[in-house]
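*Asks:* A structural model of the following input is requested.
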Amino acid sequence: MDYKISDLGGLKKQLEVSVTTEDELVKDKLETAYSEFQKSAVIPGFRKGKTPIEIVKKRYGDEIESQSIPEIVNDIVKGIFEKENAKIAGVVDYNLDSRNLGEPMHFRLTYEVVPDIEPKGYKGMKLERAMYRISPESIDHELMHLREANAELHEVEQLVEDQVSSKDINAIATVDLQVIDEKGLPLIGQRRENYKIDLRSKAPELVEVNRRLSNSNVGDEFNMELETFDKNRQSLGKKPFKIYVKKIEKSVMPELNNEFAKKVSGGKMETIAALKDDIARNLEHYYEDKAEEELRDKIAEELLKQNEFEIPESMVDDYLNDLVEELRKKSGKQEVDANYVKEHYREAAVRAVKWNLLAAAIIQKEGIKVNDTILEKTAGDEASKYKLDKSALMNYYKKSNDVQNKLLFNEMFNFIVDNSEISVVEKTPTHEHED
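*Replies:* Got it, this is the predicted structure:
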């Protein structure tokens with residue numbers, strides 16, 4: 001077997017291989033394939049599995065070799081890369097020259113390698129960590145969300161004046177939407193019935209229609225231009241609609257009392273005071289995690305600025321392809337526009353790939369590992385925090401590569417934080433941007 005590796009510039013390389021059927025690896029693979037085929041071959045004049053191997057090769061040699069080539073190529077490439085100690089990022093292209101049965105095999109593989117990275121700037125960083133103080137306003141805000149989630153809808157003919165003039169209108173309108181032409185005539189096939197519009201929405205495209213609906217009665221009809229969007233929420237411009245108000249439902253929130261506390265907690269909390277304490281604990285856990293996530297984002301952002309290196313395009317493509325498949329699984333029957341996803345998320349994919357490569361370089365340089373002591377401590381912390389069984393968590397952690405990779409990154413962040421100057425900044429959660 002002969003092979004040659006050529007540098008194509010950047011991280012791209014090309015492997016060119018020539019190998020004959022007499023090569024030990026190829027010969028062994030083909031003989032195994034012939035033998036496996038022979039066992040199940042049914043050929044007139046011979047019992048099943050008893051056809052002479054030469055007849056098998058003569059009749060089915062082309063088919064057997066063709067089916068065996070992918071595995072042969074894979075084994076050849078794997079062996080060469082191991083011999084060359086190559087760090088492969090991904091395959092870009094593969095070409096196999098046409099050949100006749102028994103002739104030498106010639107193929108070319110274009111691939112990218114993982115860049116050699118010498119990480120810098122991850123020791124001695126000056127960082128700020130947020131410490132969120134849970135205020136009574138934050139607890140009241142969560143209580144309001146719980147009341148809204150448990151509100152009942154009561155049908156009304158129209159909203160009364162004090163509801164219309166209030167800052168937040170808790171109501172839902174059910175309407176029929178019909179696209180019309182310049183003369184006000186309906187366009188066939190462009191009608192949507194029983195469309196629900198939440199009058200609390202602050203979406204810019206709904207401000208005017210919500211104002212009109214808030215002052216409408218059931219049975220009213222009016223024309224208005226509305227912003228339209230495609231399935232990816234890209235604007236298609238405005239269209240004229242005839243809007244028919246079919247139903248108005250006012251949201252009536254439950255009283256804030258002990259019965260409410262029992263209901264929303266599944267009977268775990270007997271009083272509003274107990275419910276507030278539970279909300280406070282949950283908020284503390286949430287904002288502890290939020291502060292940690294913010295700190296890690298700052299670390300990643302700063303290190304990405306300080307470490308410039310080329311990244312393999314094949315890794316970005318793989319990231320985006322995996323994202324598309326994940327979205328398809330989650331979307332069920334709804335179609336996913338792969339081109340839109342790849343274009344829209346490309347910048348995020350580039351950042352994710354670059355950060356993963358940089359983090360891996362830091363982990364390797366510092367010899368950071370995950371051992372049983374770390375697994376034990378993590379399982380104990382999580383079990384205490386979320387009231388789970390520690391031994392069950394330990395068993396799961398030991399079997400899950402994803403969890404262990406996550407813990408490996410956690411240890412890397414801990415290493416960076418331990419070697420940084422951290423100043424604590426007190427913050428109070430704000431909710432002014434929530435709808």
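
*Asks:* sec struct for Arg192, please.
*Replies:* strand (DSSP: H, G, I helix; E, B strand; the rest coil).

*Asks:* name whatever forms a beta bridge with it.
*Replies:* Beta bridges link Arg192 to Leu177 when assigned by DSSP bridges.

*Asks:* got the contact list for it?
*Replies:* By Cβ atoms under 8 Å, 6 or more residues apart in numbering, Arg192 lies in contact with Asp176, Leu177, Gln178. Where you see a C-beta, it was placed from the backbone N, CA and C, and this is true even at glycine.

*Asks:* what's the pLDDT at Lys50?
*Replies:* Lys50 carries a pLDDT value of 85.

*Asks:* scratch that, Glu71
*Replies:* 92.

*Asks:* for it, give me its contacts.
*Replies:* Applying Cβ under 8 Å, 6+ apart, the residues contacting Glu71 are Lys29.

*Asks:* mind checking the SS state of it?
*Replies:* Assigned by three-state DSSP, the conformation of Glu71 is helix.

*Asks:* circling back to that earlier point, from the contacts of Arg192, pick the one nearest Val113.
*Replies:* Nearest to Val113 among those is Leu177, at 55.1 Å by Cβ to Cβ.

*Asks:* how many other residues sit next to the residue nearest to Gly102 when sequence neighbours are not counted?
*Replies:* Leaving aside its sequence neighbours, Gly102 sits nearest to Thr21 (Cβ to Cβ, 6 or more residues apart in numbering; 5.7 Å). Using other Cβ atoms under 10 Å, Thr21 has 16 other residues around it.

*Asks:* as CSV, the contacts of Arg192 with pLDDT would be great.
*Replies:* Compiled in CSV, the contacts of Arg192 are given as follows (pLDDT from 0 to 100):
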residue, pLDDT
Asp176, 96
Leu177, 96
Gln178, 96
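
*Asks:* what secondary structure does the residue nearest to Gly102 sit in?
*Replies:* Recorded secondary structure, Thr21: coil (three-state DSSP).

*Asks:* can you verify my assumption that Lys120 contacts Gln306?
*Replies:* Yes: Lys120 is in contact with Gln306 according to Cβ atoms under 8 Å; the separation is 6.1 Å.

*Asks:* mutual contacts of those two, please.
*Replies:* Shared contacts of Lys120 and Gln306, defined by Cβ under 8 Å, 6+ apart, are absent.

*Asks:* Ser314 in helix, strand or coil?
*Replies:* Following three-state DSSP, Ser314 is assigned to helix.

*Asks:* list the buried residues for the helix or strand containing Asn74?
*Replies:* Assigned by DSSP states H and E, Asn74 falls within helix 53-84. Judged by neighbour count using 16 or more other Cβ atoms under 10 Å, the buried positions of helix 53-84 are 56-57, 60-61, 64-65, 68-69, 72-73, 76-77, 80-81.

*Asks:* off-centre distance for it?
*Replies:* The chain centre lies 37 Å from the centre of helix 53-84; the measure is Cα atoms, centre = their mean, to the nearest Å.

*Asks:* quick check: mean pLDDT across whichever helix or strand comes after it?
*Replies:* Heading C-terminal from helix 53-84, the first helix or strand you meet, by DSSP H and E, is strand 88-96. The average pLDDT within strand 88-96 is 94.

*Asks:* quick one, strand 88-96 and helix 53-84 angle?
*Replies:* Computed by axes from the mean of the first three to the mean of the last three Cα atoms, to 10 degrees, the angle separating strand 88-96 from helix 53-84 equals 140 degrees.

*Asks:* in strand 88-96, what counts as buried?
*Replies:* For strand 88-96, a neighbour-count test (16+ other Cβ under 10 Å) marks Ile88, Ala89, Gly90, Val92 as buried.

*Asks:* redo those residues as JSON lines? Include distance to Ile311.
*Replies:* Formatted as JSON lines, the buried residues of strand 88-96 follow (distance: Cβ to Cβ, whole Å):
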{"residue": "Ile88", "distance to Ile311": "14"}
{"residue": "Ala89", "distance to Ile311": "8"}
{"residue": "Gly90", "distance to Ile311": "11"}
{"residue": "Val92", "distance to Ile311": "14"}
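
*Asks:* and those, which is closest to Phe409?
*Replies:* The closest of the buried residues of strand 88-96, once distances to Phe409 are taken by Cβ to Cβ, is Ala89, at 19.4 Å.

*Asks:* state the distance from Ser18 to Asn100.
*Replies:* From Ser18 across to Asn100, the span is 15 Å (Cβ to Cβ, to the nearest Å).

*Asks:* more neighbours: these two, which one.
*Replies:* In this view Ser18 and Asn100 are compared by other Cβ under 10 Å, and Ser18 has more residues nearby, 14 against 7.

*Asks:* how about the secondary structure of that one?
*Replies:* At Ser18 the chain is in strand, as set by three-state DSSP.

*Asks:* wouldn't it be in contact with Glu103 here?
*Replies:* No: with contacts counted by Cβ under 8 Å, Ser18 stays clear of Glu103, the gap being 10.9 Å.

*Asks:* what pairs with the helix or strand hosting Ile243, parallel or antiparallel?
*Replies:* Secondary structure assignment for Ile243, by DSSP H and E: strand 235-252. Using DSSP bridges, the strands paired with strand 235-252 are strand 152-156 (antiparallel), strand 171-180 (antiparallel), strand 221-229 (antiparallel).

*Asks:* who touches the following helix or strand past that strand?
*Replies:* Tracing the chain past strand 235-252, the next element assigned as helix or strand by DSSP H and E is helix 258-264. Residues from elsewhere that reach helix 258-264 (Cβ under 8 Å, 6+ apart): Leu146, Arg147, Asn150, Pro254, Met269, Glu270, Thr271, Ile272, Ala274, Leu275.

*Asks:* the helix or strand hosting Lys385: which residues count as buried?
*Replies:* Following DSSP H and E, one finds Lys385 within helix 372-386. Applying a neighbour-count criterion of 16+ other Cβ under 10 Å, one finds Ile374, Leu375, Thr378, Ala379, Ala383 buried in helix 372-386.

*Asks:* need the pLDDT of the nearest residue to the last one once chain neighbours are set aside.
*Replies:* Pointing back at Ala383 there. Using Cβ to Cβ, 6+ apart and skipping residues adjacent in sequence, the residue nearest Ala383 is Lys390, 3.9 Å away. Lys390 is assigned a predicted lDDT (pLDDT) of 90.

*Asks:* you'd agree Lys390 is up against Asp381?
*Replies:* No: between Lys390 and Asp381 there is no contact under Cβ under 8 Å: 9.5 Å.

*Asks:* and stretch 9-23, how far from the chain's centre?
*Replies:* Distance of stretch 9-23 from the chain centroid (Cα atoms, centre = their mean) equals 35 Å.
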